[in-house]
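> Quick check, what structure comes out for this input:
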Amino acid sequence: MILVTGATGNVGRQVVDQLLEAGERVRATSRDPARAGLPAEVDVRRADLRDPDTLPAVLDGVDRAYLFPVPGQVGGFLAAARKAGLRRIVLLSSQAVTFDPRDVIGRAHAEYERAVEESGLAWTFVRPGAFMANDLAWAPAIRADGVVRAPYGRAATAPIHERDIAAVAVRALLDDGHAGRAYELTGPESLTAVERVRLIGASIGRDLRYEEQPPDEARRQMATHTPPAIVDAVLSILASAVGAGAPVLPTVEEVTGRPAASYTRWVGDHAADFR
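Predicted coordinates:
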């Protein structure tokens, strides 16, 4: 039995689906199982990483787990996992752990990784960079008037499809040969925000426009729903990426045997969100 935490998230749901396709038995955690919307074959159990008392029941009979880390609660999950006899864990980490110097995002994920390493469990770290799914934040503006306002339009990233992140995680869950490995993941191409908006428009058949947003205005907007330290880290990363191509890594193909999906493919998968 494989446990998937964060099973309703962008990556977690893909992990669930791909494990089912591989014929695995899957258990998923949710704070509200009735609203999880997961396939009927999934054993959905109520659990909250913030409440350690809910963990023993969901870990019972589980030998492998995909962990979406919750700040401040990784240690409690690992303690319960050791007690339950879990033998392998795949942690969703972040490429930010490789930054020098590490920002607040990188430091947080480095702490999660260190806790997993010290747990004594067999582990694999999956370290994606920018998610293509982050651009779903543009969908309301695209649907409304076709104008995307965001800062640092010329900053380049190599964003990755959530399906590819999940595919690497699933390989690590199913194959012992990935134990002790840390996989840094990117998509197959370096793209600026301006270029990504153009690709969305071409895919959905609309003329879209990118409008450069002052960083201070973006900071104020983002801070309404994101901790200020995270906002500053994200804006700093984007500022440093202006005018430079983003590194493109072959890790997805090396691990899964197939190339990472293009941004155009991702837009096609999410076209309904932008129309």
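
> In contact with the nearest residue to Leu249 once chain neighbours are set aside, which residues?
With Cβ to Cβ, 6 or more residues apart in numbering as the criterion, Leu249 has its nearest non-adjacent residue at 4.6 Å, and that residue is Thr186. C-beta: built from backbone N, CA, C; applies to glycine. By Cβ atoms under 8 Å, 6 or more residues apart in numbering, the residues touching Thr186 are 95, 128-129, 158-160, 246-249, 251-252, 260.

> Now, of these, which are buried?
Among the contacts of Thr186, those buried by neighbour count (16 or more other Cβ atoms under 10 Å) are 95, 128-129, 158-160, 246, 249, 251-252, 260.

> which ones among those are found in helices?
The members of the buried ones among the contacts of Thr186 that map onto helices under DSSP state H are 251-252.

> Pipe the buried ones among the contacts of Thr186 into JSON lines and attach distance to Glu24 and pLDDT per row.
Putting these into JSON lines (distance: Cβ to Cβ, whole Å; pLDDT from 0 to 100) gives the following:
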{"residue": "Gln95", "distance to Glu24": "27", "pLDDT": "94"}
{"residue": "Pro128", "distance to Glu24": "22", "pLDDT": "97"}
{"residue": "Gly129", "distance to Glu24": "27", "pLDDT": "94"}
{"residue": "Ala158", "distance to Glu24": "30", "pLDDT": "97"}
{"residue": "Pro159", "distance to Glu24": "28", "pLDDT": "97"}
{"residue": "Ile160", "distance to Glu24": "23", "pLDDT": "98"}
{"residue": "Ala246", "distance to Glu24": "34", "pLDDT": "91"}
{"residue": "Leu249", "distance to Glu24": "27", "pLDDT": "97"}
{"residue": "Thr251", "distance to Glu24": "23", "pLDDT": "97"}
{"residue": "Val252", "distance to Glu24": "21", "pLDDT": "98"}
{"residue": "Ala260", "distance to Glu24": "23", "pLDDT": "97"}
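
> quick one: which of the buried ones among the contacts of Thr186 is nearest Glu113?
Gln95 (12.2 Å; Cβ to Cβ).

> Surely that closest one touches Phe131?
No. With contact defined as Cβ atoms under 8 Å, Gln95 does not count as touching Phe131 (10.6 Å).

> Identify all contacting residues around the helix or strand harbouring Leu20.
According to DSSP states H and E, Leu20 maps onto helix 10-21. Helix 10-21 has contacts (Cβ under 8 Å, 6+ apart) with 2, 4-7, 26, 28, 38-39, 41-42, 66, 68, 92, 131, 133, 162-163, 165-167, 169-170, 173.

> Quick one, which of those are buried?
The buried subset of those - by 16+ other Cβ under 10 Å - is 2, 4-7, 26, 28, 38, 42, 66, 68, 92, 131, 133, 162-163, 165-167, 169-170, 173.

> For Pro228, grab the count of nearby residues.
11 (other Cβ atoms under 10 Å).

> How much space separates it from Pro214?
17 Å (Cβ to Cβ, to the nearest Å).

> How many residues are close by His225?
Neighbours of His225 under the rule other Cβ under 10 Å: 7.

> What's the separation between it and Arg149?
As judged by Cβ to Cβ, His225 and Arg149 stand 16 Å apart.

> low pLDDT regions in this protein?
By pLDDT under 70, the chain contains no weakly predicted segment.

> Reduced to three states, what does the residue lying farthest from the centre of it come out as?
Farthest-out residue of the chain from its mean C-alpha position, per Cα atoms, centre = their mean: Asp207, at 29.2 Å. Here Asp207 is recorded as coil under DSSP: H, G, I helix; E, B strand; the rest coil.
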